[in-house]
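When you get a sec, could you give me coordinates for this:
(2 chains)
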Amino acid sequence: MKKLIGLALIALAFTACKFNNADKPKLPIMGNRDAVTKTINGKEVVDTVYQTIPDFKFVNQYGDTITQKSLKGDIYVADFFFTTCPSICPIMHRNMLNVYKEFKNMPDFKIISHTIDPKHDSVAVMKKYADKLGISGNSWWLLQGNKEQTYDLGQKSYLVAVKQDDGTPGGYVHQGWFVLVDKQKRIRGYYDGTDEKQVAKLIEDIKILRTEVNTGIAQ
Amino acid sequence: MKLRIIAFIGVLLCVIIASCQSEAEQDFKRYYTGGAIIYKDKCQNCHGAKGEGLSNLIPPLTDTAYLKKNKAQLGCFIKYGIKETIVTINGKAYEGAMPANVDLTPIEIAKLLTYVGNSFGNKMGTIAFEEADADLARCK
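Here you go, the predicted model:
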């Protein structure tokens, strides 16, 4: 019996592979999801509603107000950092620079880095950081704003851990995730920003996502 | 007879020198490989796998002249960090803080300095425990 189940599993794995290979590579849709019953043309249809990133309001390194509208029609990568971070942020942004260099001239692509230490990371501090990092223009925004809103967004929407903890070096707990978000504000991938290989995969995945046809944009 | 003694002493000297050299080499290797592990753990996130630093935010470790000139200070920088001072590396000014590593022991710092001092184009030779320890005692 066990053998049978094993065989069935192997067979299933094979078909799964085949299924994936059948057409162009596609990225999964991540995050929480809900099933809703809708009435379309008089018929009851169960539809999947994917989690989307809700609206927010922050200020970028130029002092401009940035909301969800500023990212309309864009694919973007989000991460959380702080300018005085002694641990993983430098390596994250060294890797993010590769993403920036690859796509900085694409009009439908952005990077947003949220500071989790808005008290220290004022607009002026963020601008200085951006200058020193060597980024300019509007393809990589360093966002600063309400701390609660930033933490909420990280924990509830991007589903990454961010919190203040005076016991850790630098005073904040956070993971180095780069979160890929599509034009419909759905999460399409998580990449370890401290791992050069995963960031290389992110660059490839952005290319795949850019070829995706925009069906059913939820506005 | 005399010749034999001279020859014997000569051979002995050669053996001693050769074994000393290899011992020094072994020391170097031990320091260097130990230092590489500490570097990866404590320094690489910021200074990079090739000591390249990060844009104008974090200085590279490739300025051989700077390292030579500040050799006695390097251990202090590692152990106690750098606070909001401007450091000029390869002709570029870097400002900001470097975190301290107070938990590193003098032998670990000696190993780390030997690794950094002989990587990324630098050639400083072994920085022995005694030297690092004496320099650390003079940190301000």
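
what residue ranges in chain B score low on pLDDT?
Scanning chain B for pLDDT under 70 picks out B:1, B:20.

which residues of chain B fall in strands?
B:87-89, B:92-94 (DSSP state E).

Buried residues, the last one. List them.
So that's strand B:92-94. residue B:94 (16 or more other Cβ atoms under 10 Å in any protein chain shown). C-beta: built from backbone N, CA, C; applies to glycine.

Quick check: neighbours of that strand in the sheet, parallel or antiparallel?
When pairing is defined by DSSP bridges, strand B:92-94 lines up against strand B:87-89 (antiparallel).

Residue B:50 is in contact with residue B:116, isn't it?
No: if you go by Cβ atoms under 8 Å, residue B:50 and residue B:116 don't touch, sitting 11.7 Å apart.

Flag every residue of chain A that's near chain B.
Within chain A, the residues that sit near chain B (Cβ under 8 Å from any Cβ of the partner chain) are A:84, A:86-88, A:90-91, A:93-94, A:97, A:129, A:131-134, A:169, A:194.

residues contacting the residue nearest the centre of chain A?
Geometric centre of chain A, nearest residue: residue A:179, 2.1 Å, by Cα atoms, centre = their mean. Contacts for residue A:179 were tallied using Cβ atoms under 8 Å, 6 or more residues apart in numbering or on different chains; they are A:77, A:78, A:79, A:158, A:160, A:187, A:189, A:190.

who wins for most neighbours among the residues you listed?
residue A:77 (26 neighbours; other Cβ atoms under 10 Å in any protein chain shown).

is it true that that one touches residue A:182?
No: using Cβ under 8 Å, residue A:77 is not in contact with residue A:182; the gap is 11.0 Å.

ok so, going back, including distance to residue A:41, could the strands of chain B go into TSV?
As requested, the strands of chain B are exported to TSV (distance: least, Cβ to Cβ, whole Å):
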stretch	distance to residue A:41
strand B:87-89	68
strand B:92-94	65
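
Looking at those, which is nearest to residue A:49?
strand B:92-94 (49.0 Å; Cβ to Cβ).

if we look at the closest one, which residues are touching it?
B:56, B:57, B:58, B:59, B:86, B:87, B:88.

buried subset of those residues?
Of the contacts of strand B:92-94, these count as buried by 16+ other Cβ under 10 Å: B:56, B:57, B:58, B:59, B:87.

before we move on, the earlier item: backbone torsions only: list them for the residue nearest to the centre of chain A.
For residue A:179, the backbone dihedrals are phi -110, psi 120 (criterion: degrees, to the nearest 10).

Once you drop chain neighbours, what's closest to residue A:82?
residue A:117 (3.7 Å; Cβ to Cβ, 6 or more residues apart in numbering or on different chains).

So between residue B:50 and residue B:116, which is more surrounded?
A count of neighbours by other Cβ under 10 Å puts residue B:116 above the other of residue B:50 and residue B:116, at 25 against 13.

Name the nearest residue to that one, sequence neighbours excluded.
Using Cβ to Cβ, 6+ apart, the nearest residue to residue B:116 is residue B:61, at 5.5 Å.

That neighbour: what's it in contact with?
Neighbours of residue B:61 in contact, by Cβ under 8 Å, 6+ apart: B:47, B:51, B:53, B:67, B:116, B:119, B:120, B:122.

count of neighbours near the fourth one?
Spelled out, it's residue B:67. 20.

correct me, but it touches residue B:121?
No: between residue B:67 and residue B:121 there is no contact under Cβ under 8 Å: 10.2 Å.

buried sites along stretch A:186-197?
A:186, A:187, A:188, A:189, A:190, A:191, A:192, A:193, A:194, A:195.

so what strands line up beside whatever helix or strand the fifth one lives in?
Counting by DSSP states H and E, the secondary-structure element that holds residue A:190 is strand A:187-192. Paired strands of strand A:187-192, with direction, are strand A:177-181 (antiparallel) (DSSP bridges).

quick one: the strand it pairs with to chain centroid distance?
2 Å (Cα atoms, centre = their mean, to the nearest Å).

Most neighbours among the residues of chain A next to chain B, please name it.
residue A:93 (27 neighbours).

Return the helix or strand in chain A with minimum mean pLDDT.
helix A:2-22 (a mean of 57; mean pLDDT, DSSP states H and E).
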